[in-house]
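Q: this is the structure alone, sequence omitted:
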């Protein structure tokens with residue numbers, strides 16, 4: 001398709017490679033760019049984690065009101081929020097850890113939830129819902145143990161240059177967090193199947209699905225795809241993921257006219273820079289162009 005070819009070329013010109021998929025959840029019609037290519041998914045893993053935690057609460061295996069003592073995050077690199085920035089222990093309920101982990105993308109909160117439901121168990125529960133292709137293998141704290149944490153503030157771009165140069169043609173990588181055989185990983189298609197189940201549950205309990213949708217609707221990280229999808233007549237619910245060269249977002253836009261579109265954008269930059277607002281704008285424009293094609297305008 002000429003549109004897909006042109007968008008792929010536009011991404012390449014902007015220093016990006018990506019796996020995109022947009023699906024009309026009413027009809028099942030979809031359009032994508034390399035939707036089956038796997039990527040490390042970084043914080044997108046918090047979506048299946050939240051679903052697994054809410055399912056265990058529904059089963060009575062966990063109590064959302066149970067308060068857990070959380071040690072300080074101990075992370076000093078710029079960017080992390082929530083418990084990751086705390087300097088003193090805190091007692092927080094499981095329900096509130098879900099909010100911090102998913103809506104604020106708090107890695108420390110997510111790891112407390114992973115202590116309750118380990119990665120392998122999250123993967124097993126995904127399979128129970130008929131969802132395959134999302135590999136949950138490690139904790140969030142592993143994402144803050146990369147070369148980026150070892151460079152001085154003014155040299156972090158060197159870590160990005162190392163990440164760009166250390167990959168292999170088969171998507172292996174010297175950094176385990178960027179190796180799709182060792183990292184938490186998925187394709188755009190696998191992530192979209194999860195969104196489909198959350199918005200149109202068939203095997204997942206509807207109460208669990210609604211709980212995850214609410215957490216995603218309250219996502220506070222809104223600089224990436226949100227400007228192209230949220231409006232007075234459209235509700236955008238999503239989760240972002242960011243790690244070194246990776247910038248991702250997966251979400252659903254619900255239009256006032258009844259249209260509902262799931263959107264997944266997984267991208268990898270070849271530009272060795274920490275802040276890349278042009279990349280954020282480009283990936284959002286590509287995702288919206290795909291959605292507009294399905295919507296007919």
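A: Great, that's in hand. Being a predicted model, the structure only gives us computed values, none of them experimental. Residues are numbered from 1 along each chain as shown.

Q: is residue 284 within a helix or a strand, and which one?
A: helix 277-295 (DSSP states H and E).

Q: what's that helix in contact with?
A: 3, 7, 10-11, 14-16, 18, 20, 22-24, 29-33, 223-225, 227-229, 247, 249, 253, 259, 261, 263, 265, 267, 269, 271 (CB atoms under 8 Å, 6 or more residues apart in numbering). For every residue, glycine as well, the C-beta is placed using N, CA and C.

Q: what subset of those residues is buried?
A: 7, 11, 14-16, 18, 20, 22-24, 30-33, 224-225, 228-229, 247, 249, 253, 259, 261, 263, 265, 267, 269 (16 or more other CB atoms under 10 Å).

Q: for stretch 197-216, measure first residue to last.
A: 14 Å (CA to CA, to the nearest Å).

Q: scratch that, stretch 211-222
A: Start-to-end span of stretch 211-222 (CA to CA) is 20 Å.

Q: residues of that stretch that come out buried?
A: Result for stretch 211-222 [16+ other CB under 10 Å]: buried residues 211, 212, 213, 215, 216, 219, 221.

Q: can you lay out those residues as JSON lines showing secondary structure, pLDDT and distance to residue 67?
A: Listed next are these as JSON lines, based on DSSP: H, G, I helix; E, B strand; the rest coil; pLDDT from 0 to 100; distance: CB to CB, whole Å:
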{"residue": "211", "secondary structure": "helix", "pLDDT": "98", "distance to residue 67": "19"}
{"residue": "212", "secondary structure": "helix", "pLDDT": "98", "distance to residue 67": "22"}
{"residue": "213", "secondary structure": "helix", "pLDDT": "98", "distance to residue 67": "25"}
{"residue": "215", "secondary structure": "helix", "pLDDT": "98", "distance to residue 67": "19"}
{"residue": "216", "secondary structure": "helix", "pLDDT": "98", "distance to residue 67": "24"}
{"residue": "219", "secondary structure": "coil", "pLDDT": "96", "distance to residue 67": "24"}
{"residue": "221", "secondary structure": "coil", "pLDDT": "92", "distance to residue 67": "26"}
